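Colleague: the amino acid sequence is not available; the structure is as follows:
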Ligand code: CTP
């Protein structure tokens with residue numbers, strides 16, 4: 001129901017097809033109210049004989065949510081004994097199955113085989129979430145993922161109009177930790193929220209995204225291929241490895257600028273003297289990519305400033321040879337580290353500067369990608 005609502009709100013024309021099992025749970029009228037369109041369930045009967053062909057032909061994507069063990073078995077074997085399975089056979093649209101069932105049914109060898117078979121047919125399968133299942137059951141995998149996650153997967157599946165679709169996008173996020181000794185480190189307050197929001201938004205637009213994550217305070221997106229990097233050195237290596245073929249690099253992480261010149265091999269004990277830690281500079285990751293970037297690739301940096309923001313950001317745009325820099329103020333309430341919102345100014349190489357109001361990081365990510373797409377399509 002929420003998924004139908006989200007898709008409709010996003011501008012999709014949603015035709016709901018209800019199986020017999022679905023009608024046991026929800027009334028058709030509810031879906032009609034949400035989508036503003038007729039609900040379909042009959043395969044035979046006067047006036048419905050060609051419904052499956054019409055629906056299948058008109059659909060750009062077919063989402064089966066929830067997909068029961070029984071439905072998956074029927075789809076895997078190509079049965080067409082109701083409107084939904086008949087639509088699947090008649091369609092050449094992208095298909096997303098969202099299984100939801102008891103965890104033991106999900107784990108059964110027959111279900112595993114059926115799932116493998118549906119994947120062979122080219123259907124995308126969204127792995128079920130873990131969490132409490134029906135009353136009295138355990139909490140193994142089987143739960144239907146949240147509608148927002150399904151929505152994001154649908155967007156990824158159908159993203160063809162985006163300039164970013166099929167492009168290789170590398171995003172870094174979070175803080176690095178530079179060891180002082182085996183139990184202590186130097187780090188910063190970056191939560192990774194901004195970078196993860198950007199990686200997700202690019203993925204929704206159909207990009208082939210690699211997320212390089214330092215330490216983050218939020219869950220990593222399961223749908224995105226992620227490389228963990230603890231230290232600035234590791235992050236530099238991960239970026240360098242991901243760089244070949246990279247069309248867009250967004251360096252949203254906050255790698256440490258300094259690290260202890262030598263990390264102690266054992267825990268530094270409390271003595272009479274306070275230890276002195278010699279620091280050395282880490283590699284500037286963005287600068288180190290300059291000579292290795294793919295021709296016409298688009299590189300975005302961040303500038304987290306406490307004063308003289310515009311001047312410093314413009315300087316970083318030049319010195320790091322960026323196409324765009326995202327300026328945010330570390331001292332402003334609601335912006336910068338940790339919070340869910342940000343207030344940014346986007347500065348482009350061409351000199352265009354755009355100041356945005358305080359927005360959620362998710363919206364900032366969308367605005368940033370809109371601007372990247374604009375500039376990419378002008379090339
Ligand atoms: N950055 C980087 N490598 C580093 C440090 C930062 O690539 N070792 C990137 C950040 O991810 C960001 C941009 O450079 O995209 C600017 O980071 P920032 O910390 O604002 O600037 P610095 O170059 O570190 O300069 P300063 O700390 O003096 O402001």
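Modeller: Perfect, I can see it now. If you're wondering where the values come from, they're calculated on a predicted model, not measured in any experiment.
Colleague: in what helix or strand does the residue lying farthest from the centre of the chain lie?
Modeller: Distance from the centre of the chain peaks at residue 272, with 50.0 Å (CA atoms, centre = their mean). Following DSSP states H and E, there is no helix or strand that holds residue 272.
Colleague: what segments of the stretch 101-250 of the chain are strands?
Modeller: All strands of the stretch 101-250 of the chain, identified by DSSP state E, counting those that start in this stretch, fall at 124-125, 129-130, 141-143, 168-173, 178-181, 184-186, 208-213, 225-228, 248-251.
Colleague: now do the same for residue 256: helix, strand or coil?
Modeller: The local conformation at residue 256, judged by DSSP: H, G, I helix; E, B strand; the rest coil, is coil.
Colleague: where does it fall, phi/psi-wise?
Modeller: Main-chain torsions, residue 256, degrees, to the nearest 10: phi -60, psi 140.
Colleague: before we move on, what's the pLDDT of it?
Modeller: Note on residue 256: pLDDT of 97.
Colleague: what sits against it?
Modeller: Going by CB atoms under 8 Å, 6 or more residues apart in numbering, residue 256 touches 175-178, 186-188, 231-232, 282. Any C-beta I mention is one placed from the backbone N, CA and C, and that applies to glycine too.
Colleague: ok, and which of these reach the ligand?
Modeller: 232, 282 (CB under 6 Å from any ligand atom).
Colleague: ok, so what distance separates residue 280 from the ligand?
Modeller: According to CB to the nearest ligand atom, to the nearest Å, residue 280 and the ligand sit 12 Å apart.
Colleague: host element of that residue?
Modeller: strand 279-281.
Colleague: run me through the strand neighbours of that strand, direction for each.
Modeller: Neighbouring strands of strand 279-281 in its sheet, by DSSP bridges, are strand 258-260 (antiparallel).
Colleague: any residue of the strand it pairs with up close to the ligand?
Modeller: No: on the criterion CB under 6 Å from any ligand atom, strand 258-260 is out of touch with the ligand, staying 9.1 Å away.
Colleague: show me what contacts whichever residue of the stretch 101-250 of the chain sits closest to the ligand?
Modeller: Residue nearest to the ligand within the stretch 101-250 of the chain (CB to the nearest ligand atom): residue 232, separated by 5.2 Å. Taking CB under 8 Å, 6+ apart, we find residue 232 in contact with 176, 178, 255-256, 259, 282-283, 285.
Colleague: which among these end up buried?
Modeller: Taking 16 or more other CB atoms under 10 Å as the criterion, what is buried in the contacts of residue 232 is 176, 178, 255-256, 259, 282, 285.
Colleague: of the strands of the stretch 101-250 of the chain, which is nearest residue 115?
Modeller: Of all the strands of the stretch 101-250 of the chain, it is strand 124-125 that lies closest to residue 115, at 5.8 Å by CB to CB.
Colleague: list of residues touching the closest one?
Modeller: 94-97, 99, 115, 118-119, 153, 157.
Colleague: ok, so of the contacts of residue 232, who is nearest residue 207?
Modeller: residue 285 (20.5 Å).
Colleague: contacts made by the helix or strand containing residue 327 with the rest, please.
Modeller: Here residue 327, judged by DSSP H and E, is contained in strand 324-329. Strand 324-329 is contacted from outside by 252, 298-306, 309-310, 313-314, 316-317, 335-336, 342-349, 368, 371-372, 375, using CB under 8 Å, 6+ apart.
Colleague: continuing past it, what's the next helix or strand?
Modeller: strand 341-342.
Colleague: show me what that following strand is packed up against.
Modeller: Here strand 341-342 touches strand 359-360, helix 361-377, going by 3 or more CB pairs under 8 Å, 6 or more residues apart in numbering; DSSP states H and E.
Colleague: sheet-wise, list the partners of that strand with their directions.
Modeller: Strand pairing for strand 341-342, using DSSP bridges, gives strand 359-360 (antiparallel).
Colleague: just the residues contacting the strand it pairs with, thanks.
Modeller: 340-343, 367.
Colleague: returning to what we had before: adding mean neighbour count and distance to residue 9, write the helices and strands packed on strand 341-342 out as TSV.
Modeller: Output for the helices and strands packed on strand 341-342, formatted as TSV (neighbours: other CB atoms under 10 Å; distance: least, CB to CB, whole Å):
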stretch	mean neighbour count	distance to residue 9
strand 359-360	16	17
helix 361-377	19	15
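Colleague: quick one, which of these gets closest to residue 216.
Modeller: Per CB to CB, nearest to residue 216 of the helices and strands packed on strand 341-342: helix 361-377, 12.6 Å.
Colleague: mean confidence score for the closest one?
Modeller: The model assigns helix 361-377 a mean pLDDT of 95.
Colleague: angle of that helix against strand 324-329?
Modeller: 150 degrees (axes from the mean of the first three to the mean of the last three CA atoms, to 10 degrees).
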